[in-house]
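Colleague: Structure, please.
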Amino acid sequence: MEKSTQYQKLFQDTFNSIQEENENLKDLNILISGKSGVGKSTLINAIFGDKLSDTGVGLPITDKISLISKDGFPVHIYDTIGLELKSVKMDIHSIGKAVSKNEVKKLIHNVQKTKQDDDDIHVVWYAISGNSARIEEPEIDLIKWIIKHEIPVIIVLTKSFDNVEAQKLKQSILELVPDIENVVVTLAEDSETKQAFGIDELINETFKVLPEEIKTSFVHSQAASYELKRKEAIKVVNTSMAANFGVGFVPVDGADGPMMMAAQTAMIGKITSIYGVDIHKNQIETVISSLLGVYGSLILGKSLSSNLLKLIPGLGSIGGGLISGGVGMIITGALGRAYIELMELVLDGKVNLSSTTPDEITEILISLFPKYLPKMTAK
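Modeller: The predicted model follows:
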């Protein structure tokens, strides 16, 4: 196969891999409930950023619930509007009447009646002001009802300007509702006197309770926790390293870069999807050319110091032939971790894939290699 044809196939395969990862994301349905004014919208924006904030109030489902969603985005949020709860007598007639009138219960009943899994409520965030003196009895009743229907509930104490009081309320709730998944104390946005906190904890607690097949969609969609994205991306890198161990690469006629990069296409696609970076087809060439530039430098020893060459056993002699599976695994691991950092630079707005040249990105990736190679060779 001609070199130019190999390059084009590599670009297309990588683009297809990213597209496939994004298209295979399963729908995640979150119900966020709580009284008016507790800061539900602020919470949503803090976690999902501008991915959902420009959708407005969402599509009305009932008088009290709206659906916030966006084409091509796997998260759908049922947001209660002006929900006010009243105490219910504990008899069959009263409970039945309450279910028929309570919008949250009606929604849960309706989605549970369908055979499709993709419209199930996967988690409930129940928001209560952290400044509240206590949780109301009707709220406790509703939360217990939801838990009884096997839907995980995380109580989110919002607007927790006084952390001491919020922690007291948290302990009280844990005693009153022992089957709750957790109570997370948050301040979703900075105030004049306090920095925002608790969002990472809410993200991690949510990740724990989601079904395995839904977790990737949540990691992809949430915009607040790089730590979670990084953790999941490193799992992908480790899997790719294991797959490459013992395989090895044989450079032939200058086509060594495409041959090696072909083995990393799935890894690059998964990492890109985890970070939710929307790479257009014309940007794929920039990314792939940059990665090929890294391989070319490693193979030919260009743009690399002698110290870097010493970090990879056997790398100094690979220009003449075989790259062992062990060396290939090390290169795969370092490349994957460097690419993870590149994705974070893109999300931070420090690297613009549309205006940065392949050579510039290659230099960024090469500069990141020494951070990981000693760790790789030490294992």
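
Colleague: Just give the number of residues close to residue 111.
Modeller: If you count neighbours by other CB atoms under 10 Å, residue 111 ends up with 17. (Each C-beta comes from the backbone N, C-alpha and C, glycine too.)

Colleague: just checking, what packs against the helix or strand residue 79 falls within?
Modeller: Following DSSP states H and E, the helix or strand that holds residue 79 is strand 75-80. With contacts defined as 3 or more CB pairs under 8 Å, 6 or more residues apart in numbering; DSSP states H and E, the packing partners of strand 75-80 are strand 28-34, helix 40-48, helix 50-53, strand 65-68, helix 103-113, helix 212-221.

Colleague: what do you get if the cut-off is 7 Å, keeping everything else the same?
Modeller: Helices and strands touching strand 75-80, by 3 or more CB pairs under 7 Å, 6 or more residues apart in numbering; DSSP states H and E, are strand 28-34, helix 40-48, strand 65-68, helix 103-113.

Colleague: quick one: contacts for the residue positioned nearest the centre of the chain?
Modeller: Central residue check for the chain by CA atoms, centre = their mean: the C-alpha nearest the mean position is that of residue 219, 1.7 Å away. For residue 219, the contacting residues are 228, 229, 232, 274, by CB atoms under 7 Å, 6 or more residues apart in numbering.

Colleague: Leaving aside the residues adjacent along the chain, what's closest to it?
Modeller: residue 232 (4.9 Å; CB to CB, 6 or more residues apart in numbering).

Colleague: and that neighbour, that's in a helix?
Modeller: Yes. Using DSSP: H, G, I helix; E, B strand; the rest coil, the assignment for residue 232 is a helix.

Colleague: pLDDT at it, what is it?
Modeller: At residue 232 the predicted local distance difference test score is 97.

Colleague: so it makes contact with residue 274?
Modeller: Yes. In terms of CB atoms under 7 Å, residue 232 counts as a neighbour of residue 274; the distance is 5.4 Å.

Colleague: Name the residue in these two with the higher neighbour count.
Modeller: More neighbours surround residue 274 than the other of residue 232 and residue 274, with 23 against 19 (other CB under 10 Å).

Colleague: what comes up buried for stretch 170-188?
Modeller: Judged by neighbour count (16 or more other CB atoms under 10 Å), stretch 170-188 contains these buried residues: 170, 173, 177, 180, 181, 182, 183, 184, 185, 186, 187, 188.

Colleague: contact partners of it?
Modeller: Counting by CB under 7 Å, 6+ apart, the neighbours of stretch 170-188 from elsewhere in the structure are 39, 42-43, 46, 130, 134-135, 140, 143-144, 147, 152-161, 163, 166-167, 194, 196-199, 201-202, 205, 209.

Colleague: so how far is stretch 277-293 from its chain's centroid?
Modeller: 21 Å (CA atoms, centre = their mean, to the nearest Å).

Colleague: can I have that stretch written out in CSV, keeping just the CAs?
Modeller: As requested, C-alpha coordinates have been extracted for stretch 277-293 and formatted as CSV (Å, rounded to 0.1, in the frame of the first residue of the first chain):
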residue,chain,number,x,y,z
VAL,A,277,-13.8,16.8,22.4
ASP,A,278,-15.6,17.5,19.2
ILE,A,279,-12.9,16.9,16.6
HIS,A,280,-14.0,17.7,13.1
LYS,A,281,-12.8,15.6,10.2
ASN,A,282,-10.4,18.3,9.0
GLN,A,283,-8.8,18.4,12.5
ILE,A,284,-8.2,14.6,12.5
GLU,A,285,-5.4,15.1,9.9
THR,A,286,-3.7,17.6,12.3
VAL,A,287,-3.9,15.2,15.2
ILE,A,288,-2.8,12.1,13.3
SER,A,289,0.0,14.0,11.6
SER,A,290,1.2,15.1,15.0
LEU,A,291,1.1,11.6,16.4
LEU,A,292,3.0,10.3,13.4
GLY,A,293,5.5,13.0,14.0
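
Colleague: What ranges in the protein fall below the confidence cut-off?
Modeller: Applying pLDDT under 70 to the chain flags residues 1-4, 53-63, 82-101, 113, 115-117, 244-260, 298-327, 374-379.

Colleague: Do a quick rundown of the strands in it.
Modeller: In order along the chain, the chain carries the following strands (DSSP state E): 28-34, 59-60, 65-68, 75-80, 123-129, 153-158, 182-185.

Colleague: Quick check: neighbours of the third one in the sheet, parallel or antiparallel?
Modeller: Taking DSSP bridges as the criterion, strand 65-68 sits next to strand 59-60 (antiparallel), strand 75-80 (antiparallel) in its sheet.

Colleague: Could you identify which of these is most buried?
Modeller: Comparing the strands paired with strand 65-68 on average neighbours per residue, with mean count of other CB atoms under 10 Å, the densest one is strand 75-80 at a mean of 22.

Colleague: Domains of this structure: list them as residue ranges, please.
Modeller: Using automatic domain parsing, the domain ranges for the chain come out as 26-221, 226-378.

Colleague: Among those, which comes closest to residue 10?
Modeller: When these are compared for distance to residue 10 using CB to CB, the nearest one is domain 226-378, at 5.2 Å.
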